[in-house]
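Chemist: Let me see the structure of the following:
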Amino acid sequence: MKAIMISDARKMVVTQVPEPEVGDNTVKVRVARCGICGTDLAARSSSLPRWHVGCVLGHEVVGEIDEVGAAVQNWSPGDRVALSMGSPCGACQTCRAGRGFLCIHHLDRALGHGVVQGGYASHIVVSPELLHHIPDHLSFDQAAIAEPLAIAIHGVNRSNVRPGDPVAILGAGPIGALTAAALRARGVDDIVLVDPNAARRALMGPAGFVAVDLAGCEESVPAALGGRSPEFIFECTSHLSAPGKAVELAAYGARIVLQGVPKAPVQVSQYLVVQKELELVGSASCNHRDMEEAISHLAAGRVRAEDFVTAVVPLEQANEMFDALLDPAGSHLKVLLAPNLPAPVN
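Modeler: Residues are numbered from 1 along each chain as shown. As a prediction, this is how the structure comes out:
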């Protein structure tokens, strides 16, 4: 089957790999769409052994079941599905505590994270516990943002924000933009996004959100929130300076949700954290309920995928799209790969 993988030159290249076989307790999914995630972008150039040459990345997967294992119940060929990222081991401390989405071994069990094949391929074989039904009226282009939307929803759940609370989101990339969408779907409207990329700020306007430049945000953020400092801040950039900026912008008693994953330790002013009595909380991954809520918002039109998906391309254009998404001045937001679309004709 056709797939793309990391090459020796750290490029995304199209190749042929053996098609995975279905076991008694697995299902084979024909991949319709797989979103490009920031984790994938980092993996292409990473020197970490996990992201080895030959990796097939991709974990934001939607598609149609092609084949069902003999022991699988309640699923049939033709079912339209979105996939959770991975299965908990069920045995580690966090799994035993009922927090399987934080499984200590999650990276080794997650789709497209260096061990298990990801969705940048025409087919993928997974456990049925990863499957979520997609309503018939929801297109694959729309459903393909369910997993990153679920990540955003999980962060919103960690915040305890309520309608009427002033909110700032650092970063208008996919997770930042979808955090804004998740908040709005919950009835939270007092939102301002902060991003230095003018093209991404421009995308937020048609989606119904206010976005301001990083430069001068100390004044523009409170101005956009009616003269209030944000009482809830979502850090969605992974930039080393962003947590410190969040601490500076935060109102007294604010809660800051850290969703970005910087490549190195960050610095924040502990003086400000103490004096403002700030709460800093982490938000990682998502759980089954988050995925179901994401699909329900998309199905009901409370979140519109067309506000965030800027391209749908075949696998042959993956490397080009990786470059475009890594461009600090780039205009793309969420790009979907379509492994079963025909290659472009030159």
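Chemist: And the residue nearest the centre of the protein?
Modeler: With distances taken as CA atoms, centre = their mean, Pro148 lies nearest the centre of the chain, 2.9 Å away.
Chemist: so what strands line up beside the stretch of helix or strand Leu193 belongs to?
Modeler: Assigned by DSSP states H and E, Leu193 falls within strand 191-194. If you go by DSSP bridges, strand 191-194 pairs up with strand 167-170 (parallel), strand 210-212 (parallel).
Chemist: Adding distance to Ala152 and mean pLDDT, write those strands out as TSV.
Modeler: Backbone N, C-alpha and C define where each C-beta goes, glycine included. Listed next are the strands paired with strand 191-194 as TSV, based on distance: least, CB to CB, whole Å; pLDDT from 0 to 100:
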stretch	distance to Ala152	mean pLDDT
strand 167-170	10	98
strand 210-212	16	98
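Chemist: JSON lines for those, including mean neighbour count and distance to Ser7?
Modeler: Below are the strands paired with strand 191-194 laid out as JSON lines (neighbours: other CB atoms under 10 Å; distance: least, CB to CB, whole Å):
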{"stretch": "strand 167-170", "mean neighbour count": "28", "distance to Ser7": "34"}
{"stretch": "strand 210-212", "mean neighbour count": "21", "distance to Ser7": "36"}
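Chemist: Please tabulate those in CSV, including the columns distance to Trp75.
Modeler: As requested, those are exported to CSV (distance: least, CB to CB, whole Å):
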stretch, distance to Trp75
strand 167-170, 37
strand 210-212, 41
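Chemist: Can you pull out the low-pLDDT segments for this protein?
Modeler: Within the chain, the segments meeting pLDDT under 70 span 345-346.
Chemist: Could you chop it up by domain?
Modeler: The chain is divided into the following domains under automatic domain parsing: 2-145+308-337, 152-282.
Chemist: Of these, which is nearest Ala300?
Modeler: Of all those, domain 152-282 sits nearest to Ala300, with 8.5 Å by CB to CB.
Chemist: chain center to that closest one: distance?
Modeler: On the basis of CA atoms, centre = their mean, to the nearest Å, domain 152-282 sits 16 Å off its chain's mean C-alpha point.
Chemist: now the end-to-end length of that domain.
Modeler: Chord length of domain 152-282, first to last residue, is 12 Å (CA to CA, to the nearest Å).
Chemist: what sits against Ala91?
Modeler: Applying CB atoms under 8 Å, 6 or more residues apart in numbering, we find Ala91 in contact with no residue.
Chemist: check which helix or strand covers it.
Modeler: Using DSSP H and E, Ala91 sits within no helix or strand.
Chemist: Then the one 4 residues further on?
Modeler: In the assignment (DSSP H and E), Cys95 maps to helix 93-96.
Chemist: For that helix, buried residues please.
Modeler: Buried positions in helix 93-96, judged by neighbour count with 16 or more other CB atoms under 10 Å: 94-95.
Chemist: now what about it, what contacts it?
Modeler: Residues from elsewhere that reach helix 93-96, judged by CB under 8 Å, 6+ apart: 88-89, 100, 102-104.
Chemist: nearest to Thr39, of the strands paired with strand 191-194?
Modeler: Between Thr39 and these, the tightest spacing by CB to CB is seen for strand 167-170, at 18.5 Å.
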